[in-house]
Structure formats: C-alpha cells, structure tokens
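S.K.: give me coordinates for this.
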Amino acid sequence: MATGQLPDKLYFRIGEVAGIVGVEPHVLRYWETEFRSIRPEKSRKGQRVYSRRDVDTLLKVKDLLYGHLYTIAGAKRKLRGDGVEPSDASDPEMRELHALRESLISLRGDIESAMTELDTITA
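M.R.: This next block holds a predicted model:
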C-alpha cells in the first residue's frame, strides 16, 4: 500500500500498521530494534502508536528488504544515504566527525582566550 493510500489518520496501532505494511507485528517490533528511525511512541496503556512518518519508513524498509533484497545492514546504509536513518555512532566516519568537532570546539576556546588576552593587553 502506498503512502497516498494510508487512512486519513495521524497515528496507527501496531495491528493497523502490520496490515498496511503487509508483515506480522513481530516483524515490525524487530525492525524497531534494527532501525533507529522507527521509534513509535507508547500510549498510556503501553501500546505502540506509529506516526505516519513511521509507517512511511516501514514501507521503505519493506521495499528495500523484500523488493530489492537488501540485507538489514544494506537497508540501513541506503536509508542513511537518503537521510531517513540517523548515522550510527560506531561508524568510523562518524567517530572521525565527532573527533573533528571536538578539535574545533577546543580551537574555538583557544581563540576566545587569545582574544580576551589581547583585549586586556590593549585596554
């Protein structure tokens, strides 16, 4: 079922989503553990409540896994590349970016200290 065919609702329960996506509820729960972009909220009764965005993502995941025969890891990479799935913190590229960010923050602190020192000298 395509996104345009989704019922006109903002939120869906797991049984509804399973019917829309065409997989069993246990598959949806498994995908939640594998894909960080799928994070349904919990109702006061503790039931999963999926947003339209979650359903769209689940439809993409199903298409990648069943339609294009991607592995879970391959589907994650594809969704990351499309900006759907957040980057994995264990990804070496992400670790490098975090290290670079820390270096820049440190450098900014050094520059601010030097500017403060210069202000006191010229004052």
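
S.K.: longest helix in this protein, please.
M.R.: helix 92-122 (DSSP state H).

S.K.: what mean pLDDT does that helix get?
M.R.: For helix 92-122, the mean pLDDT works out to 85.

S.K.: and if you look at stretch 63-72?
M.R.: Taken as a whole, stretch 63-72 has a mean pLDDT of 96.

S.K.: now do that stretch: distance to the chain's middle.
M.R.: Offset of stretch 63-72 from its chain centre (CA atoms, centre = their mean, to the nearest Å): 18 Å.

S.K.: end to end, how far does that stretch reach?
M.R.: 12 Å (CA to CA, to the nearest Å).

S.K.: what do you get for stretch 36-54?
M.R.: Stretch 36-54 end-to-end distance (CA to CA) = 11 Å.

S.K.: can you check stretch 7-20 too?
M.R.: Using CA to CA, the end-to-end distance of stretch 7-20 comes to 9 Å.

S.K.: show residues contacting it.
M.R.: Residues from elsewhere that reach stretch 7-20 (CB atoms under 8 Å, 6 or more residues apart in numbering): 1, 6, 24-25, 27-29, 40, 47-52, 54-55, 58-59. Every residue, glycine included, has its C-beta placed from N, CA and C.

S.K.: let's go with 7 Å and repeat that
M.R.: Contact with stretch 7-20 is made by 1, 6, 24-25, 28, 47-52, 55, 58, as judged by CB atoms under 7 Å, 6 or more residues apart in numbering.

S.K.: okay if I get these as a markdown table plus secondary structure, neighbour count and distance to Thr120?
M.R.: What follows is the contacts of stretch 7-20, written out as a markdown table (DSSP: H, G, I helix; E, B strand; the rest coil; neighbours: other CB atoms under 10 Å; distance: CB to CB, whole Å):
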| residue | secondary structure | neighbour count | distance to Thr120 |
| --- | --- | --- | --- |
| Met1 | coil | 12 | 67 |
| Leu6 | coil | 16 | 63 |
| Glu24 | coil | 10 | 69 |
| Pro25 | helix | 15 | 66 |
| Leu28 | helix | 23 | 61 |
| Gln47 | coil | 12 | 61 |
| Arg48 | strand | 20 | 59 |
| Val49 | strand | 16 | 57 |
| Tyr50 | strand | 26 | 58 |
| Ser51 | strand | 16 | 54 |
| Arg52 | helix | 15 | 57 |
| Val55 | helix | 24 | 59 |
| Leu58 | helix | 26 | 59 |
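
S.K.: done for today, thanks.
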